[in-house]
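A.B. asks: Quick one: sequence and predicted model below, then my questions.
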Amino acid sequence: MKQRQFAKTALSATLVAVLSGCATTAEKASSAWDADTTYRITILHTNDNHGRFWHNQNGEYGMAARKTLIDEIRAEVEEQGGTSLLLSGGDINTGVPESDLQDAEPDFKGMNLLGYDAMALGNHEFDNPLDVLRKQEEWANFPMLSANIYDKTTGERLFQPYQIFEKQGIKIAVIGLTTEDTAKIGNPEFIGNVEFRDPKSEAKKVIAELEKTEKPDVIIAATHMGHYEDGHRGINAPGDVALARYLEDGDLDMIVGGHSQEPVCMEGPNVAKKDFKPGDECVPDQQNGTWIVQAHEWGKYVGRADFEFQNGELSLVSYDLIPVNLKKKVKLDDGSSKRVFIQDEIVKNQEVYNFLKPYQEHGQEQLNIKIAKSNGKLEGDRNVVRFEQTNLGRLIAASHMQRAKADFAVMNSGGVRDSIEGGDITYKDVLTVQPFGNIVTYTDMSGKEVLDYLNVVATKPIDSGAYAQFYGISMTVANGKVSDVKFAGKPLDLKKTYRFTVPSYNAAGGDGYPKINDHAGHVNTGFVDAEVLKQYLETNSPIDVNKFTPKGEIVYK
């Protein structure tokens, strides 16, 4: 057996104070490294790119600046005699129209230019048909890994489970793992024959296989499972903390994560730092001898973990989350404010910039067309729309309801991907809010069936994409049941037939909603949700946001 030990003495005082060390012992495997020699290994990582290949309107992040930063780090590591790996925690797809309209081609090809070594498959890699994902695999010059995704028919893995890298004679295994929640939050129409098995047990199986065959010196998991403080995951599938605790102490050296889209920085054992700001010191989590890292989202940061390897022992020397041209607002003497770089500006790599620019321009051609205007913000921020009824959630539901001539509408909050600021509204705003290309469906049901449906859907918990936005209906939700259901002020009649809309994703069982696309009264309208929203905004412009502000229609007790 080999030895992996996470030494703390080389870390900062803060790191020593807040995390306790763990160690295991093992025999040296048949490796090419020299005894009593110290080797430097740097792991760089990002996650949850979500189409952000280009910098935002404030000049923040973007792959061109990220390339410059990564190249500088690589050169520094090489000068010190070390080597590096660049890993992604997945979710390259979905989030920015310029990328979505081009099947994330600029993102994957941009990753080639940045020199990614491997990535974990995220749940949003399954937002498109599998043939799109296979096309993306062909674009990528690096493996897209997942050990726990299987073909239901053949029982065979659909993707490469791991990749072996040899650096300075040190054999490093990178295992890919994907959240089980993909089965619930992925588009059922595209993953009907795909099985997402327990990543914890699959990791254990792969590690045992690797120990027998490859005998790696270092094992890293690139995961898209989420980091949940002290393993408290709520309704989500088990994440990185649960994975580390499930394995034997020291089985796994490091988890490069994604999915929960946060900077994983700890104040103490099992206590996350809630007020992390760009440029702050970041102490990664450690569970059961395994370091756990995550670099927030969108390429806002590049995570850098510097290790030393000697005589089979791996020690984390330092860790940093490096902001990529992030800015903050500062007040000027005249009372106005402006955005300034938090750290020195990172110059964009010209080769990457020139390569990506045609993709950006091609997408922009269709997007920056004004379609409507509003008198205020339409609220779709993730930390709001997944917790309460909002004017944007209700407006989207209203657009579906009108198109289908329905009595009421249901809209999953996970399908509302951003807010729309007050003023002019563009096609890009619409596609940013609704990037998935779901179809508006409607179903005619008896009042009794509707009540049964609402008892499942309206009781979905907050802080999840399943939390439902409603329009055209009022009700009280208490103790896992709905009551006092009314349409246009009239009580629900159990014998009457009602029509309601729901995105095709949810009609097929997505988010754990009841599967109703085989119901006798179900109709797929063929209308794409973003196009329906676009037409509704155009027709009803200027939009009065107050018309859609919730007024106590849905009461939770």
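C.D. replies: Looks like it arrived, so ask away.
A.B. asks: show me the contacts for the residue nearest to Asn49 when sequence neighbours are not counted.
C.D. replies: Computed as CB to CB, 6 or more residues apart in numbering, the closest residue to Asn49 that is not its neighbour in sequence is Ile92, at 4.9 Å. All C-beta atoms are positioned from the backbone trio N, CA, C, and that covers glycine. Contact partners of Ile92, counting by CB atoms under 8 Å, 6 or more residues apart in numbering, are 49-51, 104, 107-108, 111, 119, 122, 124-125, 136.
A.B. asks: tell me which element Ile92 is part of?
C.D. replies: According to DSSP states H and E, Ile92 maps onto no helix or strand at all.
A.B. asks: For Pro188, see how far away it is.
C.D. replies: 21 Å (CB to CB, to the nearest Å).
A.B. asks: Domains in the protein, by residue range?
C.D. replies: Per the record, the chain has its domains at 13-30+43-358, 369-556, by automatic domain parsing.
A.B. asks: returning to what we had before: among the contacts of Ile92, which are in strands?
C.D. replies: Members of the contacts of Ile92 lying in strands (criterion: DSSP state E): Met119.
A.B. asks: Among the contacts of Ile92, which ones are in helices?
C.D. replies: If you go by DSSP state H, the contacts of Ile92 have 107-108, 111, 136 in helices.
A.B. asks: Just put the residues you listed in JSON lines and tack on pLDDT.
C.D. replies: What follows is the ones in helices among the contacts of Ile92, written out as JSON lines (pLDDT from 0 to 100):
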{"residue": "Asp107", "pLDDT": "98"}
{"residue": "Phe108", "pLDDT": "98"}
{"residue": "Met111", "pLDDT": "98"}
{"residue": "Gln136", "pLDDT": "98"}
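A.B. asks: Let me have these in JSON lines, extended by distance to Gln286 and neighbour count.
C.D. replies: Output for the ones in helices among the contacts of Ile92, formatted as JSON lines (distance: CB to CB, whole Å; neighbours: other CB atoms under 10 Å):
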{"residue": "Asp107", "distance to Gln286": "31", "neighbour count": "28"}
{"residue": "Phe108", "distance to Gln286": "32", "neighbour count": "25"}
{"residue": "Met111", "distance to Gln286": "28", "neighbour count": "24"}
{"residue": "Gln136", "distance to Gln286": "33", "neighbour count": "20"}
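A.B. asks: In those residues, find the pair that's most separated.
C.D. replies: Met111 and Gln136 (10.2 Å; CB to CB).
A.B. asks: By mean pLDDT, point me to the weakest helix or strand of the protein.
C.D. replies: Lowest mean confidence among the helices and strands of the chain (mean pLDDT, DSSP states H and E): helix 13-18, at a mean of 44.
A.B. asks: helix or strand right after that helix?
C.D. replies: Next along from helix 13-18, by DSSP H and E: strand 39-46.
A.B. asks: related to what we said a few turns ago, let me have the domains of the chain in a markdown table, extended by distance to Thr37.
C.D. replies: Formatted as a markdown table, these follow (distance: least, CB to CB, whole Å):
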| stretch | distance to Thr37 |
| --- | --- |
| domain 13-30+43-358 | 7 |
| domain 369-556 | 47 |
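A.B. asks: Which one of those lies nearest to Asp36?
C.D. replies: Among the domains of the chain, domain 13-30+43-358 sits nearest to Asp36 (CB to CB), with 6.5 Å.
A.B. asks: any idea which element the nearest residue to Gln434 once chain neighbours are set aside lies in?
C.D. replies: Of all residues not flanking Gln434 in the chain, Ala530 sits nearest, at 4.2 Å (CB to CB, 6+ apart). For Ala530, the host element (DSSP H and E) is helix 529-540.
A.B. asks: Quick one: mean pLDDT for that helix?
C.D. replies: Over the span of helix 529-540, the pLDDT mean works out to 94.
A.B. asks: Mind listing what's buried along that helix?
C.D. replies: Neighbour-count burial for helix 529-540 flags 529-537, 540 (criterion: 16 or more other CB atoms under 10 Å).
A.B. asks: Which is the succeeding secondary structure element to it?
C.D. replies: Using DSSP H and E, the first helix or strand after helix 529-540 is strand 554-556.
A.B. asks: And the contacts of the host helix or strand of Val77?
C.D. replies: Val77 is part of helix 63-79, with elements assigned from DSSP H and E. Defining contact as CB under 8 Å, 6+ apart, one finds that helix 63-79 is touched by 40, 42, 44, 46, 53-55, 83-84, 86, 107, 110-111, 113-115, 299, 302, 304, 306, 322, 324-325, 346-353, 356.
A.B. asks: Buried members of the residues you listed into PyMOL, please.
C.D. replies: Here is the PyMOL command that selects the buried residues among the contacts of helix 63-79 (16+ other CB under 10 Å):
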select buried, resi 40+42+44+46+53+54+55+83+84+86+107+110+111+113+114+115+299+302+304+306+322+324+325+346+348+349+352+353+356
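A.B. asks: So which of the contacts of helix 63-79 are in strands?
C.D. replies: Per DSSP E, the contacts of helix 63-79 map to strands at 40, 42, 44, 46, 83-84, 86, 302, 304, 306, 322.
A.B. asks: residues in contact with Gly155?
C.D. replies: Counted by CB under 8 Å, 6+ apart, Gly155 has zero contacts.
A.B. asks: nope, Gln102 is what I meant
C.D. replies: Per CB under 8 Å, 6+ apart, neighbours of Gln102: 359, 362-363.
A.B. asks: Using the three-state scheme, assign it.
C.D. replies: coil (DSSP: H, G, I helix; E, B strand; the rest coil).
A.B. asks: so what pLDDT did the closest residue to Gly422 other than its chain neighbours get?
C.D. replies: Among residues not flanking Gly422 along the chain, Gly376 sits closest, at 4.5 Å (CB to CB, 6+ apart). Here the pLDDT value assigned to Gly376 is 97.
A.B. asks: how many other residues sit next to Gly376?
C.D. replies: 15 (other CB atoms under 10 Å).
A.B. asks: any idea how far the spatially closest residue to Asn193 that is not a sequence neighbour lies from Gln136?
C.D. replies: Leaving aside its chain neighbours, Asn193 sits nearest to Lys152 (4.9 Å; criterion: CB to CB, 6+ apart). Distance, Lys152 to Gln136, using CB to CB: 22 Å.
A.B. asks: who's His310 bridged to?
C.D. replies: You called it His, but residue 310 is Gln. Note on Gln310: beta-bridge partners by DSSP bridges are Glu313.
A.B. asks: give the contact list for it.
C.D. replies: 36-39.
A.B. asks: List only buried entries from those residues.
C.D. replies: Tyr39.
A.B. asks: Would you mind putting the contacts of Gln310 into CSV with distance to Ile554 and pLDDT alongside?
C.D. replies: Converted to CSV, the contacts of Gln310 look like this (distance: CB to CB, whole Å; pLDDT from 0 to 100):
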residue, distance to Ile554, pLDDT
Asp36, 67, 95
Thr37, 65, 96
Thr38, 61, 97
Tyr39, 59, 97
